[in-house]
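Chemist: Sequence first, predicted model second:
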Amino acid sequence: MVLLTRKVEFSAAHYYYLDAWTPEENLRVFGKCANRNGHGHNYTLEVTVEGKVDPVSGFVVDLKALRDTMEREVVQVYDHRHLNLEVPEFRSMLPTTENIAIAIWRRLEAKIDGAKLHRVRVYEMPDLFADYYGEA
């Protein structure tokens, strides 16, 4: 079994807020992320697939096809979008990093030809200017 990973990046805005909670409870649990105007992040997505190497092609999966799938199913849908307001799966689910990873898994799982989805890794890219501007 061989594992292969492709990486893409996207930027998106979101907020955390549960209507069933009071504004005070949302603020206590989610802090500044409870601001319904939202805030943005730059995300990195790594998708790892597993499979056997085809003895003729030498591929587990066509990496260009994998990247095209990631672009179509994730980047074109999430990039420069307000996740809560513009992406259907987050109308009923908070767009936490964990839930973003789950949603991406669901989007990709049946769309990868020739390999099995092994791992979806999502992380926020660090703010390179945070120290300069004194922000966290």
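Modeler: Ah, there it is.
Chemist: can we go C-alpha only for contacts and neighbour counts from here?
Modeler: Fine.
Chemist: Show me the strands in the protein, by range?
Modeler: 2-14, 39-51, 81-82, 116-124 (DSSP state E).
Chemist: check contacts around the closest residue to residue 47 other than its chain neighbours.
Modeler: Among residues not flanking residue 47 along the chain, residue 120 sits closest, at 4.8 Å (CA to CA, 6 or more residues apart in numbering). Residue 120 makes contacts with 45-48, 101, 104-105, as judged by CA atoms under 8 Å, 6 or more residues apart in numbering.
Chemist: Next: residue 93.
Modeler: Taking CA under 8 Å, 6+ apart, one finds residue 99 in contact with residue 93.
Chemist: what about residue 31, how many neighbours?
Modeler: Residues contacting residue 31 under the criterion other CA atoms under 10 Å number 13.
Chemist: got it, and residue 58?
Modeler: 10.
Chemist: any chance of the strands of the chain in a markdown table, with mean pLDDT and distance to residue 22 too?
Modeler: Below are the strands of the chain laid out as a markdown table (pLDDT from 0 to 100; distance: least, CA to CA, whole Å):
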| stretch | mean pLDDT | distance to residue 22 |
| --- | --- | --- |
| strand 2-14 | 96 | 19 |
| strand 39-51 | 96 | 20 |
| strand 81-82 | 98 | 23 |
| strand 116-124 | 96 | 28 |
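Chemist: and of the contacts of residue 120, the nearest to residue 16?
Modeler: Nearest to residue 16, judged by CA to CA, of the contacts of residue 120 is residue 101 at 15.9 Å.
Chemist: Against residue 74, how distant is the closest one?
Modeler: 11 Å (CA to CA, to the nearest Å).
Chemist: Could you do residue 107 as well?
Modeler: Counting by CA to CA, the gap from residue 107 to residue 74 is 8 Å.
Chemist: if you count what's nearby, which of these two comes out ahead?
Modeler: Using other CA under 10 Å, the more surrounded residue of residue 107 and residue 74 is residue 74, with 20 against 14.
Chemist: And for this protein, the residue most distant from the center?
Modeler: For the chain, the residue at maximal distance from the C-alpha centroid (CA atoms, centre = their mean) is residue 56, at 33.6 Å.
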